[in-house]
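K.L.:
Give the three-dimensional model of this entry:
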Amino acid sequence: MVEHLTSATFKEKVFDYEKNSEWKFAGDKPCVIDFYANWCGPCKMVAPVLEQLANEYDGKLDIYKVDTEQEQELAAVFRIQSIPSILFVPKDAAPQMAMGALPKETFERAFKDVLSVEK
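P.N.:
Alright, predicted model coming up:
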């Protein structure tokens with residue numbers, strides 16, 4: 001199940017950007033964060049892919065969504081210029097950002113290569 005984050009839940013589950021200047025992941029397993037907006041066509045194309053992946057990788061990684069219209073502070077912290085922007089967050093390494101509507105195969109490759117997660 002894909003979970004929607006507010007800035008408060010983001011700080012609790014991913015990274016408290018107010019307390020830490022250096023990246024310090026707060027989660028217990030890797031995650032993917034989709035920065036999106038409801039009016040964005042490519043974002044709507046990515047949404048069902050992420051839902052499917054959330055089911056397929058259940059328990060191995062978390063998939064979150066951040067509405068950039070409602071969470072403008074969060075979008076500013078990550079300098080989101082275009083949407084969708086996808087943040088891949090490994091458990092013990094720096095996160096990596098990807099832009100655009102990625103196909104399922106690209107997500108799966110990033111899960112393996114960036115997050116070290118396989119089905």
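K.L.:
okay, which residue is most central for the chain?
P.N.:
The residue lying closest to the centre of the chain (C-alpha atoms, centre = their mean) is residue 33, at 0.8 Å.
K.L.:
How about that one: what's its closest non-neighbour residue?
P.N.:
residue 87 (4.2 Å; C-beta to C-beta, 6 or more residues apart in numbering). For glycine as for every other residue, the C-beta is placed from the backbone atoms N, C-alpha and C.
K.L.:
just checking, what packs against the helix or strand harbouring the one you found?
P.N.:
Assigned by DSSP states H and E, residue 87 belongs to strand 85-89. Applying 3 or more C-beta pairs under 8 Å, 6 or more residues apart in numbering; DSSP states H and E, one finds that strand 85-89 contacts strand 31-36, strand 96-99, helix 104-113.
K.L.:
Mean pLDDT and distance to residue 65 for these - can I get that in TSV?
P.N.:
Listed next are these as TSV, based on pLDDT from 0 to 100; distance: least, C-beta to C-beta, whole Å:
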stretch	mean pLDDT	distance to residue 65
strand 31-36	98	5
strand 96-99	96	15
helix 104-113	97	14
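K.L.:
Can I get the ones you listed in a markdown table including distance to residue 119?
P.N.:
As requested, those are arranged in a markdown table below (distance: least, C-beta to C-beta, whole Å):
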| stretch | distance to residue 119 |
| --- | --- |
| strand 31-36 | 15 |
| strand 96-99 | 20 |
| helix 104-113 | 8 |
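K.L.:
now the farthest one out in the protein, which residue is it?
P.N.:
residue 19 (20.3 Å).
K.L.:
mind listing what it touches?
P.N.:
In this structure, residue 19 makes contact with residue 11, judged by C-beta atoms under 8 Å, 6 or more residues apart in numbering.
K.L.:
For residue 4, see how far away it is.
P.N.:
22 Å (C-beta to C-beta, to the nearest Å).
K.L.:
just the helices in this protein please.
P.N.:
Along the chain, counting by DSSP state H, helices occupy 7-13, 41-56, 72-77, 104-113.
K.L.:
right, and the residue nearest to residue 33 touches residue 95 too?
P.N.:
Yes. Using C-beta atoms under 8 Å, residue 87 makes contact with residue 95 at a distance of 5.3 Å.
K.L.:
All set, thanks.
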